[in-house]
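> structure for the following, please:
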Amino acid sequence: MSTRVCAVGEFTSDLAAAYLKHVSGRDGDDSTDGSGGGGTNSGGEEGRLMAAFRELQLPLSANQVSHVLATARQQRCNPSPSGSDHPGTLSWGEFCVFAVEIAARQRQVAERSVTTGNRGGAHPVGGGAQGPTVATQKGKGGAHRTDHGCHCEVFLGGSCNPTTWRKDTAIPVLQSEGITYYNPQVEEWYPELMEIEEQAKQAASVLLFMVDDKTRAVASMVEVAHLAGLGRELVLVVEDIRGKNPQIAEDALSRREAEDLNRGRAFVRNLVEQENSVLTGSVTEAVGVATAMLHGAMDVAEYIARHRPHHVRHSHTLGEEMRLLRQVFVMYDTDRRGVLNMKEAQLALKSLRIQSPNIPQLFSGGSESQEHQTSWQRQGIPFEDFCALYAELKHLALLAVRPGLVFATFCLLGAPFRWISTWLWSTPPSPLPPPPFCDVFLGGSCGSTSWRRDIAIPILRQYGVSYFNPQLPNWDTRLIPIENQAKEQSRILLFVVSGDTLSVASMVEIAYYLGRGRKMVLCINDIPQSEDPEVDGMKLSQRALKDYNRGRTYLANIANKSRVPIFTNVSDAAMCAVYLLRGYRLPPVSTVPLSGTTV
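Numbering: from 1, shown residues only. Next comes the predicted model:
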C-alpha cells in the first residue's frame, strides 16, 4: 500500500520529497518497507520529523516536534474530516499545514531581527529612560554611589547568597566596559529594598538573570517567568541541580526535591524557548551578550536568528491553523461527503483569508499532477489535498508572489466557471473562532493532592462549568503540549499552590500567565511552619522552608499587583471562578494569602 501525497506546486513538491524520504518511509516509490529506501527511520517518529523539517530548513527543537505530534494526535480525537487515521506520525496534510505555519512564524522572527525594537515596556538597549534611585558603579575602579534619577544599564538578577557570580565574574567585566549595573545582592536584606529593586528592573536596558545549581532559586524562577510573560527581553543562565548527592548550602537534597527543582528549571527554559529571550550556557557568555547588546553590536532578535534558527515564538500554540482548517472544511462540506468541490474549496480558502488563484495553474505538470486534477474534478478535493493546497497558497502569499494568470484565467474559462465572478464579489460566511477548550483549567499542585476531585470539580459540575483536569494517574511529558493548548483556550485559569507540596513548576507557570495578563483565580498556601517541616513525605530544613515560602510570597505579591483574586481555600477559589464566568460582581474577598491553612 503506497503513501499518497498531492504536490500542488513548488513548495508542496519540496514538502513531498522530505515527507516521503523521512516520514512515510516510501522515498519516492510504492514500497512500504521499513527501510524507506534510504529514508531516515532512526530515532523514532520525533527523529524522522526533525530530519524532515531540517531538510526543509525549518529545524525544530525536540520539544517542539513532540508538541506537533501531540497536537495532531489530540485533534484526531475528534472526527476527522477525511476519516483517515495516522496513529504513528503526521499525515501528509498535517505535515503540510505544520510546515507552512512554522515557515510563517520563522519569517516573522527574521523580519523582527531587522526591524524590531524591544517589547513589553523594555527600554531600548543603551538608551533607556532615566531611572529611579538605584545603586550604580560606573567606570573602572569607580566609587560606589547612590544618586537620584540615575540609570542602570544591567540588572543582575537571580540567585543570591551564598553565590558570588556577580562579584567574581559579571561585575569586573561590566566595570571594565564602563557599563552601569544594579546588584540586588546585599549582606543584609530588608523589605524596603523590594521597591528599589523593582524600579531598577523597570529602568534597566538589559535584564541578566542567573538560576544556578548552588541555590534553590525558587523566587528567582518565579521572577524570571513573570518577566518573560510581560514580554521583557532577558539574558539567562539556567543550571540544573546535578550529582548523586546534591546539596544546597548545608542541606542534602532528596532525589524527589532535586527533581521538583529541576522541573521548575525545565519550565523556565521552555518559556525562554517560547519568548524572545537569550538562554546562554555560562555567566561569562551572558555578560558578553549583554555587553554586545549595550554597545549596539547585537540585539535579542539578532542573537536568536544567529544561535537559535529553530526559534518559533509561542510554539505551544502550533496547531491552531490545523484546527481551523478542519473546522472550515467541515463547514463547507455540507453534504458530509468528506470532499469539497471546486467552488466549495474556493470559498473555504477565502474564509481562511487565502486569495485563491486558478487551482489548475498551480500544478507543476507531469502525469501525476494531471491525475490529481482529474481526480479533483470528478471526485472532489479530500481533506489531505485541501491541506496541501492551503499550504502552497499560503507559502505563495508569504513570498508575496501571485501566479501570473490568477484571476484573468478564471474569467476566461467561460461558462463552467461563471460562478467565480459571484465568488469574487461576495463575502462568504466567516468561520467562527474555535470555541474555548473549556471554561476552567485546573492547574497547580498535583502529586497526591485531591483538591480537584474532592472540592473544585464538584462545585464546577454543580454550576454546569466545563473544566480541564491535568491530574492523571499515568501522566508523562508527552501530555504537556495538550495541557498548554488547554490553558491557551480556557476562559479562566484556576491555580492552586497547596501547603503540602513544593509546587515549584506550578509557581513558575502561574507567574508566566500573570505576566501575560490572563484571567486567573489563585489559591495559595504557605508550607506550615514547624520544628521538623515535612511535605509529602519529604523532610525539609528550615532553610528549605524559607526558600519555598519566599517563592509563594513573591508570587502572591505579583498577583496582588495584577489585581488577581487570591484565596486560601479551594472552595472559595472555585466559586470565584464561577462568579467570573457568569459575569457577576465579586463579593469582597481578602487578598492576603498564605494563612498557613491547608487546601
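> give me the phi and psi for Gly444.
Dihedral angles of Gly444 (phi, psi; degrees, to the nearest 10) stand at phi 110, psi -150.
> hmm, I was thinking of Glu187
phi -70, psi -40.
> quick one: average pLDDT of stretch 175-186?
Stretch 175-186 comes out with an average pLDDT of 90.
> go on, stretch 267-281?
82.
> next, the buried residues of it.
Neighbour-count burial for stretch 267-281 flags 267-268, 270-280 (criterion: 16 or more other Cβ atoms under 10 Å). For the C-beta atoms, the positions are set from N, CA and C on the backbone; glycine is no exception.
> list the ones among those residues that fall in helices.
Using DSSP state H, Phe267, Val268, Asn270, Leu271, Val272, Glu273, Gln274 are the members of these that sit in helices.
> tell me what the helix or strand encompassing Ala556 is packed against?
For Ala556, the element it lies in under DSSP states H and E is helix 542-561. In terms of contacts (3 or more Cβ pairs under 8 Å, 6 or more residues apart in numbering; DSSP states H and E), helix 542-561 is packed against helix 218-230, helix 504-515, strand 520-524, strand 566-567.
> what's the closest of those to Val339?
Of all these, helix 504-515 sits nearest to Val339, with 41.2 Å by Cβ to Cβ.
> counting neighbours, what do you get for Glu187?
Neighbour count of Glu187, defined by other Cβ atoms under 10 Å: 5.
> helix, strand or coil for the nearest residue to Val173 once chain neighbours are set aside?
Distance criterion Cβ to Cβ, 6 or more residues apart in numbering; nearest residue to Val173, sequence neighbours excluded, is Val287 at 4.8 Å. Recorded secondary structure, Val287: helix (DSSP: H, G, I helix; E, B strand; the rest coil).
> list the contacts for Val287?
Residues near Val287 by Cβ atoms under 8 Å, 6 or more residues apart in numbering: Thr169, Ala170, Val173, Leu174, Leu208.
> make JSON lines from those and add distance to Leu389 and neighbour count to it.
As requested, the contacts of Val287 are exported to JSON lines (distance: Cβ to Cβ, whole Å; neighbours: other Cβ atoms under 10 Å):
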{"residue": "Thr169", "distance to Leu389": "55", "neighbour count": "16"}
{"residue": "Ala170", "distance to Leu389": "53", "neighbour count": "21"}
{"residue": "Val173", "distance to Leu389": "54", "neighbour count": "15"}
{"residue": "Leu174", "distance to Leu389": "55", "neighbour count": "24"}
{"residue": "Leu208", "distance to Leu389": "47", "neighbour count": "26"}
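> please identify which of the residues you listed is nearest to Ala51.
Nearest to Ala51 among the contacts of Val287, with distances taken as Cβ to Cβ, is Leu208, at 35.6 Å.
> so how far is Glu344 from Leu442?
40 Å (Cβ to Cβ, to the nearest Å).
> ok, those two, which is more surrounded?
More neighbours surround Leu442 than the other of Leu442 and Glu344, with 26 against 19 (other Cβ under 10 Å).
> bridged to the more buried one, which residues?
Note on Leu442: beta-bridge partners by DSSP bridges are Leu494.
> use 14 as the first number from now on
Got it, the first residue is 14 from now on, which makes the last one we talked about Leu455.
> ok, it touching Ile468?
No: in this structure, Leu455 is not within contact of Ile468 by Cβ atoms under 8 Å, at 10.4 Å.
> rewinding a little: measure the residue nearest to Val186 to Leu220 for me?
Using Cβ to Cβ, one gets 13 Å for the distance from Val300 to Leu220.
> kindly report the same for Leu103.
Leu103 sits 38 Å away from Leu220, going by Cβ to Cβ.
> closest to Ser79 out of the buried residues of stretch 280-294?
Asn283 (11.3 Å).
> tell me how far that closest one lies from Ala241.
As for Asn283, its distance to Ala241 is 10 Å (criterion: Cβ to Cβ).
> go through the helices and strands packed on helix 555-574 and name the closest to Glu397.
Across these, Glu397 has its closest neighbour in helix 517-528 (35.8 Å, Cβ to Cβ).
> okay, that closest one in PDB with CA atoms only?
Extracted in PDB, the C-alpha atoms of helix 517-528 (Å, rounded to 0.1, in the frame of the first residue of the first chain):
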ATOM      1  CA  VAL A 517       7.900  24.900  42.100                       C
ATOM      2  CA  ALA A 518       6.900  24.300  38.400                       C
ATOM      3  CA  SER A 519       3.300  25.400  39.300                       C
ATOM      4  CA  MET A 520       4.600  28.700  40.700                       C
ATOM      5  CA  VAL A 521       6.700  29.300  37.600                       C
ATOM      6  CA  GLU A 522       3.700  28.700  35.400                       C
ATOM      7  CA  ILE A 523       1.400  31.000  37.400                       C
ATOM      8  CA  ALA A 524       3.900  33.800  37.300                       C
ATOM      9  CA  TYR A 525       4.200  33.500  33.500                       C
ATOM     10  CA  TYR A 526       0.500  33.700  32.900                       C
ATOM     11  CA  LEU A 527       0.200  36.600  35.400                       C
ATOM     12  CA  GLY A 528       2.700  38.400  33.200                       C
END
